[in-house]
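[1] next comes the sequence, and after it the predicted model I'd like to discuss.
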Amino acid sequence: MRKQNIFFAIVLVIIVFSFPTFASDDHLFYEPLDVEDLQVIVNTDPSLVLYLNKHIAYLDNEVVYIDSSNSNITPLLIEDVTFVPIRFISESLGGKINWFGDISTAVLEKNGKVISIPVNEMHIIIDGEKVELEMASLMIEGRLYVPLDVISDAFDMNVFSYNDLIVITKENSAMVLPRDLDIVEQRFDSYLLKDVKIPILMYHHFDEVVSRYLRSTTVTPDLFEEHLISLKAHGYNSITFMDLYDFIHNDKKLPDNPFILTIDDGYLSNYIYAYPLLEKYETKATIFVVTSSRGQTPGIFPHFTWEQAKEMEDSGWIEIHNHGLHHNHHTQMSDEDLIESILLSTADIEKHLGERALKVFAYPEGNHNKGTIDILLDLGYDVQLTRGNELTDKGSDLFDLARFNITYTMSGEMLIDMIEGMK
């Protein structure tokens with residue numbers, strides 16, 4: 001296997017670290033930074049910058065996904081050898097690739113070269129000449145991976161790899177390497193965190209028969225199950241408010257396509273219908289309860305008891321949080337009444353279910369103002385849910401989170417379309 005391209009890149013690195021080098025912001029592979037914050041700069045197209053275990057890359061200074069359908073497709077380190085997904089590399093750098101399943105071989109064409117890459121073989125064939133590999137190509141999650149040094153031969157490209165960073169440019173192109181490569185990983189991670197969009201879904205009541213007057217707050221168990229199935233089928237993963245809190249404050253990595261499922265008020269139907277389905281489909285949820293209504297029927301529908309609330313929490317799939325002492329319009333309460341109501345409802349939850357590691361409050365009907373937010377903040381609440389139809393992201397205000405109200409008229413596909421349409 002030829003090594004001159006990789007060697008050339010290493011020579012460049014020695015030069016860069018020996019003599020400070022600067023370049024214009026036009027060549028940064030991400031958004032412009034101050035000169036002292038320079039990372040990797042390339043002065044030619046095409047250029048491709050990747051990072052081990054990250055599912056994004058920078059192609060000609062633009063962010064792209066390596067595989068939009070599977071975030072597990074990333075550069076990998078296997079037995080101290082860096083492997084990359086060849087289809088993404090080929091298509092990014094202007095090559096054509098075809099897969100021949102009957103012989104388990106990919107055939108790549110670029111700049112007049114024809115390269116055959118058989119799976120699980122210790123060689124590739126370039127224009128009819130066999131070239132030995134240090135490790136065989138592999139199929140991983142339906143994608144063909146090759147050792148990184150295949151790229152220099154297959155594409156006549158300049159390939160640089162240091163720690164977890166991978167830079168691919170034209171031969172004989174100059175590049176400026178960073179003084180601190182850890183910042184490169186932080187930049188990748190920062191983009192990935194910034195790119196996460198989280199829908200918070202809001203349900204209320206569940207019933208076999210839904211009158212037309214209750215369709216904005218009631219869904220059938222069958223429809224709820226359809227929603228859960230659709231979310232699973234499209235790769236959505238439920239998270240908790242603690243996950244969200246740690247994501248925003250501590251850069252916690254979330255699963256792909258995270259969402260939060262919430263249910264308001266605490267109707268008995270939550271226990272009878274929603275709880276078994278949440279367990280069945282292994283979906284986490286938060287129920288916001290009106291604490292004075294436990295085991296009561298304050299209106300048309302009965303509410304579940306504290307004993308049933310504890311059973312649901314003990315399952316590990318459901319958390320119980322505060323929706324108020326009564327289902328009041330909290331902005332119309334005096335400060336003294338609001339404080340007393342929050343203290344009493346908080347005490348109710350802690351008495352029956354234990355102290356909350358994270359205190360979360362959902363305003364009835366979303367009614368809030370700056371005064372209510374400040375009071376709950378003073379009373380130790382970490383998260384407040386208000387109103388609006390917006391996705392939550394890294395920059396969202398935890399004291400003013402919006403939710404999507406889910407109604408009787410929304411099918412599973414419509415739910416997915418709504419979420420995807422907001423991203």
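    Okay, I see it.

[2] output the lowest mean pLDDT helix or strand found in this protein.
    Ranking every helix and strand in the chain by mean pLDDT, DSSP states H and E puts helix 4-18 at the bottom, with a mean of 34.

[3] off-centre distance for the longest strand anywhere in the chain?
    Counting by DSSP state E, the longest strand found in the chain is strand 258-265. Relative to its parent chain, strand 258-265 has a centroid offset of 17 Å by CA atoms, centre = their mean, to the nearest Å.

[4] need the CA coordinates for that strand. CSV is fine.
    Below are the C-alpha coordinates for strand 258-265, written out as CSV (Å, rounded to 0.1, in the frame of the first residue of the first chain):
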residue,chain,number,x,y,z
PRO,A,258,-35.3,12.2,21.6
PHE,A,259,-38.8,13.2,22.7
ILE,A,260,-40.6,13.8,26.0
LEU,A,261,-44.1,12.5,26.5
THR,A,262,-46.2,14.2,29.1
ILE,A,263,-49.8,13.7,30.4
ASP,A,264,-51.7,16.4,32.3
ASP,A,265,-54.1,16.4,35.2
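
[5] after it comes which helix or strand?
    Helices and strands here follow DSSP states H and E; after strand 258-265, the next one along the chain is helix 268-269.

[6] how distant is that next one from the center of its chain?
    With CA atoms, centre = their mean as the basis, the mean position of helix 268-269 lies at 32 Å from the chain mean.

[7] packing partners of the longest strand of the chain?
    strand 200-203, strand 237-238, helix 241-250, strand 285-289 (3 or more CB pairs under 8 Å, 6 or more residues apart in numbering; DSSP states H and E). No exception for glycine: its C-beta is placed from N, CA and C like everyone else's.

[8] and it, which strands flank it?
    The strands beside strand 258-265 in its sheet (DSSP bridges) come out as strand 200-203 (parallel), strand 237-238 (parallel), strand 285-289 (parallel).

[9] now the strands: where do they sit in the stretch 251-400 of the chain?
    Using DSSP state E, counting those that start in this stretch, the strands of the stretch 251-400 of the chain run over 258-265, 285-289, 318-322, 360-362, 383-385.

[10] count of residues packed around P147?
    19 (other CB atoms under 10 Å).

[11] which strand residues bridge it?
    F83.

[12] right, so the helices and strands packed on strand 258-265: which one is the most enclosed?
    strand 285-289 (a mean of 24; mean count of other CB atoms under 10 Å).

[13] regarding the chain, what is its longest helix?
    helix 335-353 (DSSP state H).

[14] mind giving me the packing neighbours of it?
    By 3+ CB pairs under 8 Å, 6+ apart, helix 335-353 packs against helix 306-314, strand 318-322, helix 370-378.

[15] could you dump those into CSV and include mean pLDDT and distance to E109?
    Formatted as CSV, these follow (pLDDT from 0 to 100; distance: least, CB to CB, whole Å):
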stretch, mean pLDDT, distance to E109
helix 306-314, 98, 58
strand 318-322, 98, 55
helix 370-378, 96, 60
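
[16] of those, which is nearest I124?
    Checking the helices and strands packed on helix 335-353 against I124 by CB to CB gives strand 318-322 as the closest, at 52.7 Å.

[17] mind listing what's buried in the closest one?
    Neighbour counts using 16 or more other CB atoms under 10 Å place I318, E319, I320, H321, N322 of strand 318-322 among the buried residues.

[18] do stretch 329-343 as well
    H330, M333, L338, S341, I342.

[19] how is this protein divided into domains?
    For the chain, the structural domains run 4-193, 196-422, going by automatic domain parsing.

[20] which one of these has the lowest average pLDDT?
    Across the domains of the chain, domain 4-193 has the smallest mean pLDDT, namely a mean of 72.

[21] and stretch 195-206, how far out from the chain middle?
    15 Å.

[22] may I have it exported as CSV, CA atoms only?
    What follows is stretch 195-206 as a C-alpha-only set of coordinates in CSV (Å, rounded to 0.1, in the frame of the first residue of the first chain):
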residue,chain,number,x,y,z
ASP,A,195,-28.5,20.2,16.2
VAL,A,196,-30.7,18.2,18.7
LYS,A,197,-34.4,19.2,18.5
ILE,A,198,-36.7,17.7,21.1
PRO,A,199,-40.5,17.7,20.9
ILE,A,200,-42.4,17.7,24.2
LEU,A,201,-45.8,16.0,23.6
MET,A,202,-48.8,16.7,25.8
TYR,A,203,-51.8,14.3,26.4
HIS,A,204,-54.6,14.5,28.9
HIS,A,205,-57.4,11.9,28.9
PHE,A,206,-57.9,8.5,27.3
